[in-house]
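*Asks:* sequence-free structure coming up:
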């Protein structure tokens, strides 16, 4: 696979930086979130704190959907983190 691009950044910026419509800005915002791994869920506070079985328990913060997919196991006590 080959990545195509302009040889000078100013050419790219002149062609692609005009985002005037609200729909275009929204599409670019969603693209940025997707590429950075951010989700609406994380931005709206549905993260949870889960703790393992260590003494004292070690906390992690994760999206609820991540914990629902399968177990997240502590590397020290080998027990699952639970919310």
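*Replies:* Structure's in. What do you need? Keep in mind it's a predicted model, so treat the numbers as computed, not measured. Numbering: from 1, shown residues only.
*Asks:* quick one: least confident helix or strand in the protein?
*Replies:* Counting by mean pLDDT, DSSP states H and E, the chain has its least confident helix or strand at helix 40-43, which shows a mean of 50.
*Asks:* Listing request: residues of the protein with sub-threshold pLDDT.
*Replies:* In the predicted model of the chain, residues 1-6, 13-20, 37-45 satisfy pLDDT under 70.
*Asks:* Break it down into its structural domains.
*Replies:* Following the assignment in automatic domain parsing, the chain carries domains at 9-38, 44-83.
*Asks:* would you turn those domains into JSON lines with mean neighbour count?
*Replies:* C-betas here are computed from N, CA, C, even on glycine. Compiled in JSON lines, the domains of the chain are given as follows (neighbours: other CB atoms under 10 Å):
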{"stretch": "domain 9-38", "mean neighbour count": "10"}
{"stretch": "domain 44-83", "mean neighbour count": "13"}
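*Asks:* hey, where'd the strands end up in this structure?
*Replies:* Taking DSSP state E as the criterion, the chain contains strands spanning 47-51, 59-63.
*Asks:* The last one pairs with which strands, and in what direction?
*Replies:* Okay, so that is strand 59-63. Next to strand 59-63 in the sheet, as set by DSSP bridges, lie strand 47-51 (antiparallel).
*Asks:* mind checking the longest helix of this structure?
*Replies:* Residue-count comparison of every helix in the chain, with assignments taken from DSSP state H, identifies helix 22-36 as the longest.
*Asks:* by contact count, what packs against it?
*Replies:* Helix 22-36 sits against no helix or strand, with contacts defined as 3 or more CB pairs under 8 Å, 6 or more residues apart in numbering; DSSP states H and E.
*Asks:* Report the distance from it to the chain centre.
*Replies:* Distance of helix 22-36 from its chain centroid, counting by CA atoms, centre = their mean, to the nearest Å, is 13 Å.
*Asks:* Same check on stretch 47-57?
*Replies:* Between the centre of stretch 47-57 and the centre of its host chain there is 22 Å, according to CA atoms, centre = their mean.
*Asks:* Correct me if wrong: residue 46 contacts residue 64.
*Replies:* Yes. Between residue 46 and residue 64 a contact is recorded at 5.4 Å, counting by CB atoms under 8 Å.
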